[in-house]
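Dropping the sequence and predicted coords here.
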Amino acid sequence: MRHIPISALIGLFFTSLYFLAAIFAPFIAPYGMAEVVGDVWEQSSSDFLLGTDSIGRDLLSRMIYGGRTTIFIATAATVVSFVTGASLGFFAAVIGGAVDQALSRFVDLMMSIPTLIFALVILSVMPVTVPMLIIVMGLLDSTRVYRLARAVAVDINVMDFVEAAKLRGEGRTWIIFREILPNALSPLVAELGLRFIFMVLFLSTLSFLGLGVQPPEADWGGIVKENKEGIVYGIPAAIVPAIAIATLAISVNLVADWVLNRTTSLKGGRGG
């Protein structure tokens, strides 16, 4: 612990706090997620630590359950994004030729359409469910992971240890997972933190626009939407989830920067 920077400790603390709260939400939330327990926009008190929302639900409980939904969907979408984008990027770099050109041009076409607009068009004609949100967000964001993974893999693919593996007769799968992937971890780890943060912001934006998590389910973007009118009257109910989103984004960034520095310093420069 003595060798961990203060910034990384702060990031680890808040990131762990949010993830633990998400995991144990049913046990630590004082009320049910959709339970009406008081008047509209009550002030903070011993009964409601953060007050109540626009219809009298406990805001702290909504925040805890909303964090659970936000973190779960963002994490799952990030996994879909990286599995899809990194796999296709590595295979395109190793195979090369027409396959590489076809995949790269298709990704360029997808990236030419603004991600938010693309998602809104898809979700406006599809059922807005949690699995659908995860798939749409993950696949749309996988184009950025593909570009990074392919660029890194192209450089590694021409290195001596990769050429030696090819001369030994190793297959493409071996080269990708035993030679390229270990040496591509540093930039991918840094991108992982950024993609997770983007997913949190992406989901919050979709929910604020009405095409994300649907009521009575809660997520942080939806809580902002539900309570945005209260800002006019000085009610902080919409500010609390915004602060949570900002805190989580900064914390994950601090942890990702520390992990990137660690993997860079420990990197041996050669694959298995």
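Arrived safely, thanks for sending. Numbers count the residues shown, from 1 in each chain.

Contact partners for residue 50?
Residue 50 makes contacts with 44, 58-60, 63, 237, 240, as judged by Cβ atoms under 8 Å, 6 or more residues apart in numbering. Bear in mind the C-beta positions are built from the backbone N, C-alpha and C, glycine included.

quick check, nearest of the residues you listed to residue 96?
Within the contacts of residue 50, the smallest distance to residue 96 is 49.1 Å, found for residue 63 (Cβ to Cβ).

hang on, isn't that closest one packed against residue 223?
Yes. The criterion here is Cβ atoms under 8 Å, and residue 63 meets it with residue 223 at 6.9 Å.

These two - which one has more neighbours?
residue 223 (30 against 25; other Cβ atoms under 10 Å).

Doesn't that one lie inside a helix?
Yes. Assessed with DSSP: H, G, I helix; E, B strand; the rest coil, residue 223 lies in a helix.

mind listing what it touches?
By Cβ under 8 Å, 6+ apart, the residues touching residue 223 are 53, 59, 62-63, 66, 237-238, 240-241.

quick one, phi/psi of residue 54?
phi -70, psi -10 (degrees, to the nearest 10).

and if you look at residue 38?
Per-residue torsions, residue 38: phi -160, psi -170 (degrees, to the nearest 10).

mind checking how far it is from residue 58?
For residue 38, the distance to residue 58 equals 7 Å [Cβ to Cβ, to the nearest Å].

Model confidence for the residue nearest the centre of the chain, exactly?
The centroid of the chain falls nearest to residue 196 when counting by Cα atoms, centre = their mean (2.1 Å). We note a pLDDT of 93 for residue 196 in this prediction.

what does residue 158 give?
In this model, residue 158 is scored at 82, pLDDT.

Okay, now the unreliable bits of the stretch 151-272 of the chain?
Along the stretch 151-272 of the chain, segments meeting pLDDT under 70 span 263-272.

Could I get the full set of helices for it?
Taking DSSP state H, counting those that start in this stretch, the helices of the stretch 151-272 of the chain run over residues 160-167, 172-174, 181-183, 185-208, 220-227, 239-266.

what's the angle from the last one to helix 220-227?
Here helix 239-266 runs at an angle of 160 degrees relative to helix 220-227 (axes from the mean of the first three to the mean of the last three Cα atoms, to 10 degrees).

buried stuff in helix 239-266?
240-241, 244-245, 248-260 (16 or more other Cβ atoms under 10 Å).

Please apply the same query to the first one.
Along helix 160-167, these residues count as buried under the neighbour rule (16+ other Cβ under 10 Å): 162, 165.

got a list of what the residue lying closest to residue 39 once chain neighbours are set aside touches?
Using Cβ to Cβ, 6 or more residues apart in numbering and skipping residues adjacent in sequence, the residue nearest residue 39 is residue 56, 5.6 Å away. Applying Cβ under 8 Å, 6+ apart to residue 56 gives the contacts 36-40, 42.

again with residue 82
Listed by Cβ under 8 Å, 6+ apart, the contact set of residue 82 reads 142, 145, 188, 192, 195.

about what we covered before: so which of the contacts of residue 50 sit within helices?
Residues from the contacts of residue 50 lying in helices, with DSSP state H as the criterion: 59-60, 63, 240.

And those, which two are furthest apart?
60 and 240 (8.8 Å).

Are we agreed that residue 109 is in a strand?
No. Residue 109: not assigned to a strand; according to three-state DSSP it is helix.

What's the separation between residue 44 and residue 107?
48 Å.

okay, the two: which has more neighbours?
Neighbour tally, residue 44 and residue 107, criterion other Cβ under 10 Å: the higher count belongs to residue 107, 21 against 13.
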